[in-house]
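Chemist: What would the 3D arrangement of this be:
(one chain, ligands or ions: 1)
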Amino acid sequence: MDALPVVLRRLLPEPGSVTAIEALEGLALADLASDHRPYVVLNMVATADGAATVAHRTASISNPADRQLFHELRMHVDAVLVGAGTVRTERYGRLVRDPAHRERRVARGLAPDPLAVVASRRLTLTPELPLLADPHSRVVVLTTSAADLDECAARVSYLRPAPGEELDLATMLARLRTEHGVRSVLCEGGPNLNTSLLPAGLVDELFLSIAPALAGSAGARSIVDQAPLAEPVGLELVWLLESQSQLFARYLLRP
Ligand SMILES: NC(=O)c1ccc[n+]([C@@H]2O[C@H](COP(=O)([O-])OP(=O)(O)OC[C@H]3O[C@@H](n4cnc5c(N)ncnc54)[C@H](OP(=O)(O)O)[C@@H]3O)[C@@H](O)[C@H]2O)c1
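Modeler: Purely as a prediction, here's the structure:
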């Protein structure tokens, strides 16, 4: 994380100044979980014209405030869910690297590290990925593959549908709740995984960081990739923050 806390301008609901820690204080996402699945928030970044990647990465459309909010959201959840494509491209490692931040999680009644949940139907992951090579990380892989990964330093377990059945994310989220005690999930994408989560009504909130840049549409990806959604998903604005012309919107998804 960038060393000094960035002060963001709060534009809505009431004007003011907040750090990432202050903006997210009191989030209490676990309290919002229903009986049958964890509460799920999605955190994504895109340019003003909707590109979710530039040259296949997000780094150039992020800024210090974005990185601080990204990491601070991890302070508030039982689990971080991410697609195999993002784990590979963004070289995911231990989710909370700073011991002081792990202590803050513990003080909040959470495990020091969030559970890392990786969706990979085909199990296209290799043990040398930094997350899997980290002995401190606990990883649950959602997969249809009957195989296990080769020996990993991380503690890895699997959630699989019954043989011959499709992987259903609603069922997987319910099992994360009952089998792993997960009450709150932060999904960090990517666009392909979002295509399954959003139409199934499995996302409760969207944290969207809007970069002050235009990337053009040729070859660009949006935060929800592939086929158009059968119906637009409605959003209700909760708050809006700003830093260096980057906007940070928190939306509730309308059922
Ligand atoms: N703008 C942002 O905020 C943001 C956020 C994250 C990532 N990204 C960017 O997006 C790109 C990576 O995203 P991506 O869309 O290619 O990949 P992704 O969504 O991270 O991962 C896709 C993979 O996840 C697995 N998967 C997807 N849906 C699944 C389902 N319903 N059940 C089980 N497994 C499922 C499949 O893995 P298998 O193929 O192994 O079966 C699939 O190939 C990178 O360029 C990254 O930088 C941007």
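
Chemist: Show me the strands in the chain, by range?
Modeler: Assigned by DSSP state E, the strands in the chain fall at 8-12, 16-18, 39-47, 79-83, 115-119, 138-142, 155-159, 184-187, 205-211, 235-243, 246-253.

Chemist: residue boundaries of the helices in this protein?
Modeler: For the chain, the helices defined by DSSP state H occupy 20-24, 64-74, 84-89, 99-107, 169-180, 191-197.

Chemist: for the residue in the stretch 101-250 of the chain that the ligand sits nearest to, what are its contacts?
Modeler: Nearest residue of the stretch 101-250 of the chain to the ligand: Gly190, at 2.3 Å (C-beta to the nearest ligand atom). (Glycine included, C-beta is placed from N, CA and C.) Gly190 makes contact with 52, 82-83, 85-86, 89, 225, according to C-beta atoms under 8 Å, 6 or more residues apart in numbering.

Chemist: show me where pLDDT drops low in the stretch 1-150 of the chain?
Modeler: 1-2 (pLDDT under 70).

Chemist: Repeat the analysis, applying 90 as the threshold.
Modeler: 1-3, 35-36, 55-56, 124 (pLDDT under 90).

Chemist: Flag every residue of it that's near the ligand.
Modeler: By C-beta under 6 Å from any ligand atom, the residues of the stretch 1-150 of the chain that approach the ligand are 44-46, 52-53, 56-58, 83-86, 89-90, 119-122, 124, 142.

Chemist: PyMOL command for the buried members of these?
Modeler: To isolate the buried ones among these in PyMOL, judged by 16 or more other C-beta atoms under 10 Å, type:
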select buried, resi 44+45+46+52+53+58+83+84+85+86+90+119+120+142
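
Chemist: out of the strands of the chain, deepest packed?
Modeler: strand 184-187 (a mean of 26; mean count of other C-beta atoms under 10 Å).

Chemist: In terms of secondary structure, what does it contact?
Modeler: Using 3 or more C-beta pairs under 8 Å, 6 or more residues apart in numbering; DSSP states H and E, the elements in contact with strand 184-187 are strand 39-47, strand 79-83, helix 191-197.
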